[in-house]
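Engineer: one predicted model, sequence on top.
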Amino acid sequence: MSVHVFGIRHHGPGCARSLVGALTALEPDVVLVEGPPDAQEVLALAAHADIAPPVALLVYPVDEPKRAVFYPFAEFSPEWQAIRWALARGVDVRFMDLPQAHRMAEPLDVDGAAPDVIVPSTDAPAVDAPATEVPATDAPAPSAAAPERDPLDLFAEAAGYTDHELWWEHQIERHRDATGLFDAIREAMHAVRGDEAAPKNLFEARREAYMRTVVRAAVKEGRARIAVVCGAWHSPVLVDHGTAKADAALLKGLPKVKVDATWIPWTHSRLSFRSGYGAGVHSPGWYAHLWTAPDHAVTRWAVEMARLLRSEELDAPSASVIEVVRLADTLAALRGLRSPGLAELNESAVSILGGGEPTVLRLVRDRLEIGDVLGKVPDEAPTVPLQRDLQALQKRLRLKPSGEIKPLELDLRNETDRERSRLFHRLNVLQIAWAERKAAAGRKLGTFAETWSLRWVPEMEVSLIEASVWGNTVEAAADARARHDGAQAPDLAALTPILDRALLAELPGAVDELLGRVQERAAVGADVQHLMLALPPLARASRYGDVRRTPTVALLAVIGALFERVVVGLRPACAGIDADAAAERLRALIGVQESLGILDDAAWQSEWELTLRHAADDDAVHGLIRGWSCRSLFERGKLSEDELDRRAGLALSPVTPALDAAAWIEGLLHGASMALLHQDGVWIALDRYIVRLSADDFQEMLPLLRRAFSGFSGPERRMMAERVRHLGPSPIGAASSRPSRADDTPLDRDRADAVLPVLARILGVTPR
């Protein structure tokens, strides 16, 4: 009877290759792997023909799926290779880590993280980290003291390396001979941990106690050759360490919750340190390359880099590929390395393929070193009914999940595209952001065209499990979620976007209920701002009556009721308010006007124009609203040029307070309309007003005026400067558009001439 401990690094191709060789030589009758015993029932699926790494075990509390954790595996992960080796030969294989049923039973601490769930951090030993699970939430790590130095740094420094990652890769991961490797790893970890090998904390002590308990159980069963595959950090303490009694005392009375487990697809990008995964690797794509192409790895990697650059229409001739390999070999020799590594290849690529510019490495880093390879799991993997329904829809609609960002253009006049759109909108109702709506490109501006961006990430599997509480199908779950969100909406402005999403998702039951809620809120609501904000989503929804089953009649009835309440309450809502409130009102007013443009109802348009005229004539209404109302009426052809000039003269008269005049100007110019550039009367009135300002008033007005003109483009501002420069005599009876200054201080022409070149350069005009 013998126990053999193989200490490995998670996701290390060298460890994986050496481990397979060691297992083949040992031929154990049981393999114990560091992993969650909660997933023992689904472990056999690792041998399924349809499973393809990267994949992950998902373990989650049945009553609280959000606290789920992942156990990722790549093709080059030693644990994965050990599991596959055992299953292929009919050898008993078991997980032996502390069950998540105990770890997830611990309450959340004050920082929101479960004390016994390892949150990825940088202070764990690189060989273990010390567990491979990744929390499915963004919970922060518990507060702790300053991180200790990684013990592997000592080994790296002794060997002449400045980076322990580089040392581990060259000494372990690229090690071709497994003889004595795992004994050496265990001795090294024993030296780091010391004779007592005390764990760092209670959680780690419990994990190691449980693993020793599993090993003792295998020994008690009479197993002749026991293989233990664990993180290198634990390897010195799993055999002949401690007593069964002491370990049982550590594990006694642990709380427990019901958990479930399944396999899910994973991605290489989620295996990298960049994703926040504490047990990750810097370059999973490079490690996958070392696993699949151990012979001539350097040459083949250089060829892959060239192929990638050529696919992006970048220059990468064969002669340059040869030079990249030669330079990498030279760098390795100068650095005393047996063979080039990724660092040498990258430096060579920058010099040869990038011409000294590191920009080329960004593409290589994202597409080769990391990549977005998405794994695959068999259909037999346990799933909730909602997941099965989504998978069936994806298959029927030919929507294959991918870790890459893929654009998709839909034509809603096509039944298949319409079903795809409906699916995307229903998932968005469930807050599963597989598809993100994008603005239509080019000339595809009709209501029948939609552009989406698709990307599947592993965390969506957890979102699906969470969403399963709403129903067993995507349609039923989205309908229930929309109804629930509508019932919880605090006001009308929050309710109408929910209705908009339900309309786009074609959820007739939820739409009817939400429409009723909107009518109730509109009937009793007194906040005109909320009423105005409620109109745009309803108006947008009404556009889809020709391509979706939108209840247009009921929708228009709600819109009409909202519009009438807006018209009645607009004047009090815009009177006696400050600048911030006026800006909010203006944004809402613009939304109402755009909504009316969509609806194209002549009666509503006439009523709105009358409302705008009343707002423009009412001195109690804030200047920003009055100016914008004048501008809107002018663009609609309901205000003549002479009338606009007259109103500009009144609004900018000397008796008008400076701040009110500035607000009127900002409202008039909001949106940078080119039509106003040709209204001489407006510019003459503005010019006269600014010239008459005192120095103090001008300083107070300047920030407001700059904000008013900020919406104009550079060419438009140059045209305005030319317009002001060539203004003719005032049409309001003055002999000149340039009245005398408010004070009688003589003009210092020398100082003025010194300013003119700078001012001309700012305005983009040629000084006279």
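Structural biologist: Received the coordinates, thanks.

Engineer: show me where pLDDT drops low in the stretch 151-300 of the chain?
Structural biologist: For the stretch 151-300 of the chain, the stretches with pLDDT under 70 are 151-152, 163-165, 173-179, 195-198, 272-280.

Engineer: where exactly do the strands run in the stretch 651-768 of the chain?
Structural biologist: Using DSSP state E, counting those that start in this stretch, no strands are found in the stretch 651-768 of the chain.

Engineer: all helices in it, in order from the N-terminus.
Structural biologist: 658-669, 680-692, 695-709, 714-725, 749-763 (DSSP state H, counting those that start in this stretch).

Engineer: out of those, which is closest to T451?
Structural biologist: helix 714-725 (29.8 Å; C-beta to C-beta). Bear in mind the C-beta positions are built from the backbone N, C-alpha and C, glycine included.

Engineer: looking at the helices of the stretch 651-768 of the chain, which is buried most?
Structural biologist: Each of the helices of the stretch 651-768 of the chain was scored by mean neighbour count; the highest is helix 658-669, a mean of 23, by mean count of other C-beta atoms under 10 Å.

Engineer: that helix to helix 695-709, inter-axis angle?
Structural biologist: Angle between the axes of helix 658-669 and helix 695-709 is 20 degrees (criterion: axes from the mean of the first three to the mean of the last three C-alpha atoms, to 10 degrees).

Engineer: what does the average pLDDT come to for stretch 43-62?
Structural biologist: For stretch 43-62, mean pLDDT rounds to 92.

Engineer: just the CA coordinates of stretch 296-304, formatted as PDB?
Structural biologist: Extracted in PDB, the C-alpha atoms of stretch 296-304 (Å, rounded to 0.1, in the frame of the first residue of the first chain):
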ATOM      1  CA  HIS A 296       9.300  23.000 -32.400                       C
ATOM      2  CA  ALA A 297       7.000  25.200 -30.300                       C
ATOM      3  CA  VAL A 298       9.000  28.400 -31.100                       C
ATOM      4  CA  THR A 299       8.900  28.000 -34.800                       C
ATOM      5  CA  ARG A 300       5.200  27.100 -34.800                       C
ATOM      6  CA  TRP A 301       4.400  30.100 -32.600                       C
ATOM      7  CA  ALA A 302       6.200  32.400 -35.000                       C
ATOM      8  CA  VAL A 303       4.300  31.000 -37.900                       C
ATOM      9  CA  GLU A 304       1.000  31.600 -36.000                       C
END
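
Engineer: in that stretch, what's buried?
Structural biologist: For stretch 296-304, a neighbour-count test (16 or more other C-beta atoms under 10 Å) marks A297, V298, T299, W301, A302, V303, E304 as buried.

Engineer: any chance of TSV for those residues, columns secondary structure and distance to E506?
Structural biologist: TSV is the format used below for the buried residues of stretch 296-304 (DSSP: H, G, I helix; E, B strand; the rest coil; distance: C-beta to C-beta, whole Å):
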residue	secondary structure	distance to E506
A297	helix	52
V298	helix	55
T299	helix	55
W301	helix	49
A302	helix	52
V303	helix	50
E304	helix	45
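
Engineer: can I get these in a markdown table with distance to I762?
Structural biologist: Formatted as a markdown table, those follow (distance: C-beta to C-beta, whole Å):
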| residue | distance to I762 |
| --- | --- |
| A297 | 59 |
| V298 | 57 |
| T299 | 59 |
| W301 | 54 |
| A302 | 53 |
| V303 | 55 |
| E304 | 52 |
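
Engineer: so which of the helices of the stretch 651-768 of the chain gets nearest M211?
Structural biologist: Per C-beta to C-beta, nearest to M211 of the helices of the stretch 651-768 of the chain: helix 695-709, 65.8 Å.

Engineer: helices and strands around the closest one, which ones?
Structural biologist: helix 658-669, helix 680-692 (3 or more C-beta pairs under 8 Å, 6 or more residues apart in numbering; DSSP states H and E).

Engineer: now do that helix, average pLDDT.
Structural biologist: Mean predicted lDDT for helix 695-709 stands at 73.

Engineer: closest one to W167 among the helices of the stretch 651-768 of the chain?
Structural biologist: Of these, nearest to W167 by C-beta to C-beta is helix 714-725, at 55.7 Å.

Engineer: domain ranges for the chain, per the record?
Structural biologist: 2-275, 295-370, 385-470 (automatic domain parsing).

Engineer: deepest-packed of those domains, please.
Structural biologist: On a mean-neighbour basis (criterion: mean count of other C-beta under 10 Å), the most buried of the domains of the chain is domain 2-275, at a mean of 19.

Engineer: please pull out the lowest mean pLDDT helix or strand from the chain.
Structural biologist: strand 134-135 (a mean of 51; mean pLDDT, DSSP states H and E).

Engineer: ok, of the helices and strands packed on helix 695-709, where does mean pLDDT dip lowest?
Structural biologist: Among these, helix 680-692 scores lowest, with a mean of 68.

Engineer: could you point out which element follows the least confident helix or strand of the chain?
Structural biologist: helix 152-158 (DSSP states H and E).

Engineer: what is that following helix packed up against?
Structural biologist: If you count contacts as 3+ C-beta pairs under 8 Å, 6+ apart, helix 152-158 packs onto helix 164-168, helix 181-193.

Engineer: closest one to P317 among the ones you listed?
Structural biologist: Short answer: helix 164-168, nearest of these by C-beta to C-beta, at 30.3 Å.

Engineer: what about the helices in the stretch 1-150 of the chain?
Structural biologist: Using DSSP H, counting those that start in this stretch, helices in the stretch 1-150 of the chain cover 13-26, 78-88, 100-103.

Engineer: scratch that, the stretch 451-600 of the chain
Structural biologist: So, for the stretch 451-600 of the chain - with DSSP H, counting those that start in this stretch - the helices run 459-467, 474-488, 492-504, 508-524, 528-542, 552-574, 579-599.

Engineer: in a markdown table, list those helices along with distance to E79.
Structural biologist: Shown next, in a markdown table, are the helices of the stretch 451-600 of the chain (distance: least, C-beta to C-beta, whole Å):
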| stretch | distance to E79 |
| --- | --- |
| helix 459-467 | 20 |
| helix 474-488 | 34 |
| helix 492-504 | 42 |
| helix 508-524 | 45 |
| helix 528-542 | 50 |
| helix 552-574 | 56 |
| helix 579-599 | 55 |
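
Engineer: mind putting these in JSON lines, mean pLDDT and distance to A52 included?
Structural biologist: Putting these into JSON lines (pLDDT from 0 to 100; distance: least, C-beta to C-beta, whole Å) gives the following:
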{"stretch": "helix 459-467", "mean pLDDT": "86", "distance to A52": "16"}
{"stretch": "helix 474-488", "mean pLDDT": "94", "distance to A52": "25"}
{"stretch": "helix 492-504", "mean pLDDT": "86", "distance to A52": "35"}
{"stretch": "helix 508-524", "mean pLDDT": "84", "distance to A52": "38"}
{"stretch": "helix 528-542", "mean pLDDT": "82", "distance to A52": "42"}
{"stretch": "helix 552-574", "mean pLDDT": "84", "distance to A52": "47"}
{"stretch": "helix 579-599", "mean pLDDT": "88", "distance to A52": "48"}
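
Engineer: what separates P294 from V324, distance-wise?
Structural biologist: According to C-beta to C-beta, to the nearest Å, P294 and V324 sit 20 Å apart.

Engineer: ok, back up a step: out of the helices and strands packed on helix 152-158, flag the one nearest P401.
Structural biologist: Using C-beta to C-beta, the helices and strands packed on helix 152-158 put helix 164-168 closest to P401, at 31.7 Å.

Engineer: give me the number of residues near I498?
Structural biologist: I498: 24 surrounding residues under other C-beta atoms under 10 Å.

Engineer: renumber starting at 2 from here on
Structural biologist: From this message on, residue numbering opens at 2, which makes the last subject I499.

Engineer: ok, back up a step: any idea which of the helices and strands packed on helix 153-159 gets closest to R217?
Structural biologist: Nearest of those (C-beta to C-beta): helix 182-194, 18.7 Å.
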